[in-house]
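Chemist: Fold the following for me, if possible:
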Amino acid sequence: MDESSTLFLAVSIMIIMIGMGLGLTLQDFRRVGENPKPVLIGLFNQIILLPIIGFILCLIFKPEPFIAIGLMMLVACPGGTSSNIITLLARGDLPLSISLTSINSLITIFTIPLIINFSFDFFSTSIGSITPPTQDIFISLIVVIAIPLSIGMFIKKKASSFAQRMEGPVRKASSILLALVILSILVKEFELFKKHFADTVGILFVLNTLTMSIGFFGSKMFKLNLKQAITIAIESGIQNGTLTISLAVITVGRPDLAIVAAVYGPLMYLMALVPIMFGIRNFKK
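Modeler: From the prediction side, this is the model:
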């Protein structure tokens, strides 16, 4: 991508993060102490189980190295703003969703470099010698996530009525920007996308099905209520494709690594219709 495209992507990500911050307060973080069990189960799925599943699928499906690295980058970036919206539509536990999004946004600042470093070491033999950019990734996460998120939360605290009015428009703008980002990636890498779509969509379908199923049935096994189980299923299956694309294009400088996230975006929204319809049917009264 050229410099103007990269700048557009960076600004888009920052706007999305500010928009998420407009809906968060410090109280969202305090919910961990008030009811830790569902939060801990959700975080275990997102931070630990998800990368393990992604890695095992790479070993089973044996995709091209750049697809494997792209998939590991994707599973290193759980949740995101989309999971909150889908949870709302599915009549799930929205405070739990927001809490998980808030906490994993902080935790992944430290876990993403570890997972990406491992992925480059394990899969990058046939795509050249690339030094995992740990420092660049850490700085990028601070600039692209932490600072904009903090700005949004600061606005929420100091001008709550303004933040409430702007939260909807900013989220809509974020959706449009994300669609444009995905479209630009697909246009730029269309030949590569077309060539590897069949292999990529298969492993991603299995990834989404497994993670949402484990999230739901695992939650029921630990006796969480239905709203919490639906929420954790969504949080386990919905990944932060926006952040993945940002890391691939801006930080690593490899747009081809964003192909996985670009394919997974539309797929995960399509698959999200399952928990949405399930939640509507069960809680329509």
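
Chemist: Look through this protein and tell me its longest helix.
Modeler: helix 190-221 (DSSP state H).

Chemist: Of all residues in the protein, which one is nearest the centre?
Modeler: In the chain, the residue lying closest to the centroid (C-alpha atoms, centre = their mean) is Asn240, at 1.5 Å.

Chemist: May I have the predicted confidence score for that residue?
Modeler: What the model reports as pLDDT for Asn240 is 83.

Chemist: so where do the helices sit in the stretch 1-150 of the chain?
Modeler: Remark: helices assigned in the stretch 1-150 of the chain by DSSP state H, counting those that start in this stretch are 3-21, 26-34, 36-43, 50-61, 65-75, 81-89, 94-123, 134-141, 147-158.

Chemist: thinking again about what came up before, what's the closest non-adjacent residue to the residue nearest to the centre of the chain?
Modeler: Gly80 (3.3 Å; C-beta to C-beta, 6 or more residues apart in numbering). From N, CA and C alone the C-beta is placed, and that goes for glycine too.

Chemist: Now do the spatially closest residue to Leu204 that is not a sequence neighbour, the pLDDT please.
Modeler: Once flanking residues are discounted, Leu204 sits nearest to Tyr264: 5.0 Å by C-beta to C-beta, 6+ apart. For Tyr264, the pLDDT comes out at 87.

Chemist: So that it lines up with my notes, have the first residue be 4 from now on.
Modeler: With the count now opening at 4, the last piece we talked about shows up as Tyr267.

Chemist: other SSEs contacting the helix or strand hosting Tyr267?
Modeler: Of the helices and strands defined by DSSP states H and E, Tyr267 is found in helix 262-274. Helices and strands in packing contact with helix 262-274 are listed as helix 68-78, helix 84-92, helix 163-191, helix 193-224, helix 244-249; criterion 3 or more C-beta pairs under 8 Å, 6 or more residues apart in numbering; DSSP states H and E.

Chemist: repeat that for 6 Å
Modeler: When contacts are defined as 3 or more C-beta pairs under 6 Å, 6 or more residues apart in numbering; DSSP states H and E, helix 262-274 packs onto helix 68-78, helix 163-191, helix 193-224, helix 244-249.

Chemist: Next, the buried residues of that helix.
Modeler: Residues of helix 262-274 classed as buried by neighbour count (16 or more other C-beta atoms under 10 Å): 262-268, 270-271, 274.

Chemist: Among those, which one sits closest to Leu109?
Modeler: Ala264 (21.1 Å; C-beta to C-beta).

Chemist: Just confirm that closest one contacts Leu246, I think it does.
Modeler: No - using C-beta atoms under 6 Å, Ala264 is not in contact with Leu246, being 8.6 Å away.

Chemist: that older thread, got a list of what the residue nearest to the centre of the chain touches?
Modeler: Contacts for Asn243 (C-beta atoms under 6 Å, 6 or more residues apart in numbering) come out as 80, 82-83.

Chemist: Make TSV out of those and add neighbour count and distance to Pro278.
Modeler: Below are these laid out as TSV (neighbours: other C-beta atoms under 10 Å; distance: C-beta to C-beta, whole Å):
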residue	neighbour count	distance to Pro278
Cys80	28	20
Gly82	27	14
Gly83	23	16
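
Chemist: can you put these in a markdown table and add distance to Gly57?
Modeler: Formatted as a markdown table, these follow (distance: C-beta to C-beta, whole Å):
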| residue | distance to Gly57 |
| --- | --- |
| Cys80 | 11 |
| Gly82 | 15 |
| Gly83 | 16 |
